[in-house]
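> the sequence and its predicted three-dimensional model are supplied below.
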Amino acid sequence: MSHTLRTLGALALGASIVAVAALSVRTVPVTGAPATDPAPHTITVAGSGKVTLVPDVARVHLGVTVTKPTVKAVRDAGAKAMTDIIAAIKGLGIADADIQTTNLSLYPQYGSGSVPKVVGYQISEQVQVTVRDLDKTGDVVDAATAKGATDVNGISFEIADPVKAQNDARAAAVAAARTSAEAMATAGHVTLGAVVSITDATPVQPPIFYGYGAAQRPAADVATPVQPGTQDLTANVTVVFAID
């Protein structure tokens, strides 16, 4: 009987030791660690792509500013000048829909005496001209200034189809990311698998802008050269690939 009790006691003690050992290997979450582990067997890479294009749309900003002694005189002078300017621009084949008024203002002008006194009025009217044939961009400036335009406020160049161009840059960025991932997979002796996710991190890019400024009005008897140059569109992506 006593031998049996000793045997049972030894078994119970052994079971207790095993239980304690089992508890001692349980992992404890690290403070601040995410609740779930990151996806296993992946490679995350960043890729950049760029396409270089020649702009095919120009937007010319110009207008007229006139000062006269009376409101009627300044309005008449401004209206005549702008009518002549628009007619000259249309004569180059620019459509009505591509000429847009962007500003019209009328302000009194004061003398320099100690007591404010109105000595005249100034009117300013500005238009934006969209030029779809870039060869005519300089002609628009020349024709407008020849007909009385006093302000040439800048030219911006754009891509007619920016969505397609940006998508081409994104495709190049994804291709670059795959090339990097393949190099990493080869170095790590693993096999590159399917794409798990793609994140677009492309910044918004404004059009290229070139300014003349009113003080740099081109001379009427000299043709205005305009060079659109090229425009780079870039894209940045982050791609996660599965690996085996």
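Cool, got the structure. On a predicted model such as this, the values are computed, not experimentally measured, just so you know. Residues are numbered from 1 along each chain as shown.
> when you work out contacts or count neighbours from here on, use the C-alpha atoms and nothing else.
Noted.
> which parts of this protein are strands?
In the chain, the strands defined using DSSP state E lie at 42-53, 57-68, 99-110, 118-131, 151-158, 192-200, 208-210, 231-243.
> give the buried residues for the first one.
In this case it means strand 42-53. The neighbour-count check on strand 42-53 (16 or more other Cα atoms under 10 Å) flags 42, 43, 44, 45, 46, 47, 48, 49, 50, 51 as buried.
> buried stuff in stretch 61-70?
Buried positions in stretch 61-70, judged by neighbour count with 16+ other Cα under 10 Å: 61, 62, 63, 64, 65, 66, 67, 68.
> what's the separation between residue 124 and residue 59?
19 Å (Cα to Cα, to the nearest Å).
> oh, that last question was meant for residue 68, not what I typed.
From residue 68 to residue 59 the distance is 30 Å (Cα to Cα).
> equivalent analysis for residue 147, please.
Between residue 147 and residue 59 the computed distance is 19 Å (Cα to Cα).
> the biggest helix by length in the chain - contacts with which helices or strands?
Using DSSP state H to define each element, the chain has its longest helix at helix 162-187. With contacts taken as 3 or more Cα pairs under 8 Å, 6 or more residues apart in numbering; DSSP states H and E, helix 162-187 sits against strand 42-53, strand 192-200, strand 231-243.
> redo the ones you listed as TSV? Include mean pLDDT and distance to residue 131.
Formatted as TSV, those follow (pLDDT from 0 to 100; distance: least, Cα to Cα, whole Å):
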stretch	mean pLDDT	distance to residue 131
strand 42-53	94	17
strand 192-200	94	32
strand 231-243	94	17
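> good, wrapping up.
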